[in-house]
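Trainee: Sequence and predicted structure below; questions after.
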Amino acid sequence: MARSLIAVGSNLGDRSERLAAAMRELDLLPAVRLLARSRWYETEPVGGPADQQQFLNGALLLETSLEPEPLLQRMLEIETRLGRERTIRWGPRTVDLDLLLLDECVCQSPMLQLPHPRMPVRPFVLIPAAEIAGWMVHPTRGQTVARMLHTMSP
Ligand code: PH2
Ligand code: MG
Ligand code: MG
């Protein structure tokens, strides 16, 4: 069984209900078990259109026997079931599920980049991630999640 760290975000509709639904759906997947969730954090949108609403962001820790690409595929299906429409890049979204880490897997395919390339520079990802999985190691940087958060702080 591998450990997988997922970032979740929503800034459209009933945000906390969407994040709770995403969490339930992930836990219901065959070969996936939810181990921990962070608190939900209210965050300012980074990038994208200037007029979008605040996000609710968090992180989930899963145990899974799925390989990275099938796990990503299941996550995209959950986003679609929960009403995600893909319009503008970094635009408003009902739910966004990002695969950050899967144990120490490194993957560079057209479908999936693992670890998530923007993870080390996003406080709205690292703060909740460090709350539940500060010990996980970013395989190419050789740093823990807690260390990455610490080094990005002013
Ligand atoms: N996601 C983005 C772009 N900007 N800003 C915040 N605060 N939270 C997000 O989840 C977020 C964002 C692209 O996925
Ligand atoms: Mg995202
Ligand atoms: Mg995404």
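Mentor: Sure thing, it's come through. Numbers count the residues shown, from 1 in each chain. Ligands and ions are numbered 1, 2, ... in the order given.
Trainee: ok, which stretches of this protein are strands?
Mentor: Taking DSSP state E to define them, one finds strands in the chain at 2-10, 32-37, 41-43, 55-64, 96-102, 107-108, 113-114, 137-138, 143-144.
Trainee: Kindly reformat these as TSV containing distance to ligand 1.
Mentor: (Glycine included, C-beta is placed from N, CA and C.) Below are the strands of the chain laid out as TSV (distance: least, CB to the nearest ligand atom, whole Å):
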stretch	distance to ligand 1
strand 2-10	3
strand 32-37	16
strand 41-43	4
strand 55-64	4
strand 96-102	5
strand 107-108	19
strand 113-114	13
strand 137-138	19
strand 143-144	22
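Trainee: Out of those strands, which is closest to ligand 3?
Mentor: Nearest to ligand 3, of all the strands of the chain, is strand 96-102, at 4.4 Å by CB to the ion.
Trainee: how many degrees apart are the closest one and strand 2-10 in direction?
Mentor: Between the axes of strand 96-102 and strand 2-10, defined by axes from the mean of the first three to the mean of the last three CA atoms, to 10 degrees, the angle is 160 degrees.
Trainee: which residues are in contact with strand 96-102?
Mentor: 2-10, 22, 26, 59, 64, 68, 71-72, 75-76, 78-79, 84, 112, 114-116, 119, 125, 129, 133, 136, 138-139, 145 (CB atoms under 8 Å, 6 or more residues apart in numbering).
Trainee: start to end distance for stretch 43-62?
Mentor: Taking CA to CA, to the nearest Å, stretch 43-62 runs 23 Å from one end to the other.
Trainee: So which bits of that stretch are buried?
Mentor: For stretch 43-62, the neighbour count (16 or more other CB atoms under 10 Å) marks T43, P45, Q52, F55, L56, N57, G58, A59, L60, L61, L62 as buried.
Trainee: Likewise for stretch 137-154?
Mentor: Neighbour-count burial for stretch 137-154 [16+ other CB under 10 Å]: V137, H138, T144, V145, A146, M148, L149.
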